[in-house]
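Trainee: structure for this input, please:
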Amino acid sequence: MTLRRALEVALVDTYHQAWRLVVLNVVLGATATVVLLATLAARPAIVLALLLGPIGAAVMHCAVTLAQTEDLRLPELLTGLRVHWRRGFALGALLALAAIGGTVALPFYAKAGTWAWPLAALSLYLLLAFAVFQLALWPMAVFEDERPFREIVTEAARLFVRRPLGFAGLALLLVLVNAVGVVAAIIPFLTLTIAFSFLVSAHYALPKNPAREA
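Mentor: Here you go, the predicted structure:
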């Protein structure tokens, strides 16, 4: 599916399922806010960030379900949490490792002198590429939950390499969409931009359902 077509279909789904997507947005956004506030109050509370993985996987399960079937019921959120919580932890841990590596490498190379600037630029590029890669990894990890996680990571990487400009364009589009959400509502989880981002990535990264197309 092209990026334009993925956006069009996601907009149609959003029109029909808007209030449910708002609920998903609130659940994920509120969880992230609680984790952030707890971490600011007590640094050890950063371990609560691991909860974002399963919650994010549950929301992605709802996005994948909607993308594949054109239908969504809110109980799917609990189903997604029950089915995908282990994989959610794995996805969250992978993100945490990348974030920790980036926060260590970037300041180190930036302060090491002019000789290390190319390494700092390379670290930033790899970190951004890894962030964009999540748009392929998360939908596939949820869609093919029965396959080993290592295989999913490899297949998602192949998809990402085959369509780098498409995923880069998708990432830029979603940054703009969520920026508009911030401007419009101050608190992004009061809109549906985060859930919409999950939905567009599910449409773009996954194969089309022939039954839905028919």
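Trainee: which one is Ala141 nearest to, not counting chain neighbours?
Mentor: In space, and not counting its chain neighbours, Ala141 is closest to Ile152: 5.0 Å by Cβ to Cβ, 6 or more residues apart in numbering. C-beta here means a position set from N, CA and C on the backbone, and glycine is covered the same way.
Trainee: which residues touch the host helix or strand of that neighbour?
Mentor: Taking DSSP states H and E as the criterion, Ile152 maps to helix 149-162. Outside helix 149-162, the residues that touch it by Cβ atoms under 8 Å, 6 or more residues apart in numbering are 87, 90, 132-133, 136-137, 140-141, 144, 167, 205.
Trainee: what are the C-alpha coordinates of it, in CSV please?
Mentor: In CSV, the C-alpha atoms belonging to helix 149-162 read as follows (Å, rounded to 0.1, in the frame of the first residue of the first chain):
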residue,chain,number,x,y,z
PHE,A,149,10.5,-11.9,17.9
ARG,A,150,13.9,-12.2,16.3
GLU,A,151,12.4,-13.2,13.0
ILE,A,152,9.9,-10.3,13.2
VAL,A,153,12.8,-7.8,13.8
THR,A,154,14.7,-9.2,10.8
GLU,A,155,11.6,-9.1,8.5
ALA,A,156,10.7,-5.6,9.6
ALA,A,157,14.3,-4.5,8.9
ARG,A,158,14.0,-5.9,5.4
LEU,A,159,10.8,-4.0,4.9
PHE,A,160,12.3,-0.8,6.2
VAL,A,161,15.3,-1.1,3.9
ARG,A,162,13.1,-1.8,0.9
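Trainee: quick one: which of the contacts of helix 149-162 sit in helices?
Mentor: Under the assignment DSSP state H, the contacts of helix 149-162 contribute 87, 90, 132-133, 136-137, 140-141, 167, 205 to helices.
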